[in-house]
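Chemist: Make a model of this:
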Amino acid sequence: MEINNIKSSDYTSPNDFIISNAKNYIKNTWVFEGINNLDDKKTLDNNKDLANDLLLALKNKKDLFTNPNDQIITKNEIFKKYTIQDFESIKNDEIAKKEFYNLYNSILYNNFYDIYDILKEGNNDFKYSINNDKIRDLSYQNDSISFYAIIKTLDRIIEKMKRKNKTNLSEITDIVRGRIDCRDINQALEIYNKIKNSLNLKNKELIEEDNMIINPRSDYMGRIHLLIKDKETGGIFELQIGSKNITDFIEKSVVIDYGTKENLNNNGTITYIQDNFKSNIHDLCYKALNKILDPNSPYYKKYNSIIPKLQELKKEYVEIQKEIFENEKNSSFEQRKNEINKKINNYVLKVQDTFKYIDKNDIESILS
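Modeler: Predicted structure coming up:
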């Protein structure tokens, strides 16, 4: 399974809409015609009723679907065929964009609610907001865990499809995703087992699992990545469960100081501004370093003079993860928390001091 650390369709083709103009749009009906297969026509009903049902479920904090919904499943299958060009077209069509988010809001909420229903304790309730047709800030929290779920924006979907050279949406599995941050890896395993044992009751199926608590990797551990098929909507839900302490470490902010740079103002004058690059430990010391330290990468030769320093950074990145992991496993993290946090703060300083010798454009290119 591809690792996408979380910090967070559709029509056959918008170019194929049979719509002569807005006035001739057939009310409550969308018709789609595949460019390469004119016989493969799909008709979608307008999502007005679905949107109303979703808002009602949100307001009352009730489940949206309890059985497979053929209409939603069909729409989801259509959207899976969409290409980058199709999504570029959706961005410029307010009606199509709303239709897209109506569908994926429903898939998001249906998955979130079912997991929330497994996790909830006492009177703790979930929270949400709605902005620009998207459900936002969908989250649940109790004394020891935090659970939230998000939808990828159209811009992020397009960016990822381009970056990963994907043909259509069916190749992207994290459009709807969630994360559960737990007190430690022991609780994460308990939550994982609780969810896994309840999926069938929620009309869900575990289709892929990467358990990096039971089977930690050499440089990545303390998390469980799951792909869950929702039989009620046909959607895929990516769920990550893990230790908040490890998450706090790998997501710790890092600001690289490149000094000052010239800034040309609108009036033609020049001022000097601070040239910084803001990132986090995971992106720099896992994603970027893995690329730079690859002997087959052009960056390896370019930064040959500091390769030993970069190797040391990668080594310490792994060591700190392991230290958190092992102390949580032995239930001794709290006793050593201050000592470990001091190591992390010193490590951030080393990262900042070393990465300033790597061209900012190269870092941006690697991380994009």
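Chemist: tally of neighbours for Asp117?
Modeler: Asp117 is flanked by 15 other residues according to other Cβ atoms under 10 Å. In short, each C-beta sits where N, CA and C put it, glycine included.
Chemist: That one looks like it's in a helix, true?
Modeler: Yes - counting by DSSP: H, G, I helix; E, B strand; the rest coil, Asp117 is found in a helix.
Chemist: What pLDDT is listed against it?
Modeler: You'll see Asp117 listed with a pLDDT of 95.
Chemist: just use 59 as the starting number from now, easier for me
Modeler: All set: I'll call the first residue 59, so the last point we hit is now Asp175.
Chemist: List the contacts of it.
Modeler: Contacts of Asp175 were listed using Cβ atoms under 8 Å, 6 or more residues apart in numbering, and they are 121, 260.
Chemist: ditto for Ile233
Modeler: Contacts of Ile233 (Cβ under 8 Å, 6+ apart): 67, 162, 209-210, 215, 227, 294.
Chemist: if I've got this straight, Gly317 is in a strand?
Modeler: Yes - checked against three-state DSSP, Gly317 lies within a strand.
Chemist: What distance do you get for it to Ile328?
Modeler: Note on Gly317: its distance to Ile328, by Cβ to Cβ, to the nearest Å, is 16 Å.
Chemist: Same question for Tyr162.
Modeler: 46 Å.
Chemist: These two: which has the busier surroundings?
Modeler: Neighbour totals were compared for Tyr162 and Ile328, and Tyr162 leads with 26 against 8 (other Cβ under 10 Å).
Chemist: Where does the more buried one sit, in terms of helix or strand?
Modeler: Per DSSP states H and E, Tyr162 falls inside helix 152-177.
Chemist: Which positions in that helix come out as buried?
Modeler: 154-174, 176-177 (16 or more other Cβ atoms under 10 Å).
Chemist: Might you report the residue contacts of the closest residue to Pro274 other than its chain neighbours?
Modeler: On the basis of Cβ to Cβ, 6 or more residues apart in numbering, the spatially nearest residue to Pro274 that is not a chain neighbour turns out to be Phe383, at 6.7 Å. Taking Cβ under 8 Å, 6+ apart, we find Phe383 in contact with 243, 274, 279-280, 301, 304.
Chemist: which residues are contacting stretch 315-331?
Modeler: 332-335, 410, 414, 418.
Chemist: Show me which of the residues you listed are buried.
Modeler: With burial judged by 16+ other Cβ under 10 Å, the buried subset of the contacts of stretch 315-331 is Phe335.
Chemist: Now intersect the contacts of stretch 315-331 with the helices, please.
Modeler: Residues of those located in helices (DSSP state H): 410, 418.
Chemist: quick check, nearest of the contacts of stretch 315-331 to Asn354?
Modeler: Nearest to Asn354, judged by Cβ to Cβ, of the contacts of stretch 315-331 is Lys418 at 23.0 Å.
Chemist: ok, the closest one to Ile331 distance?
Modeler: 14 Å.
Chemist: got it, and Ile165?
Modeler: From Ile165 over to Ile331 (counting by Cβ to Cβ), the distance is 43 Å.
Chemist: Name the nearest residue to Ser337, sequence neighbours excluded.
Modeler: Counting by Cβ to Cβ, 6+ apart, the residue nearest Ser337 is Val312, at 5.3 Å.
Chemist: and if you look at Asp352?
Modeler: That would be Tyr358: by Cβ to Cβ, 6+ apart, it lies 6.1 Å from Asp352.
Chemist: Doesn't the one you found belong to a strand?
Modeler: No - according to three-state DSSP, Tyr358 belongs to no strand; its state is helix.
Chemist: Quick one: neighbours of it, just the number.
Modeler: 15.
Chemist: and if you look at Asn190?
Modeler: Neighbour number of Asn190 under other Cβ under 10 Å is 9.
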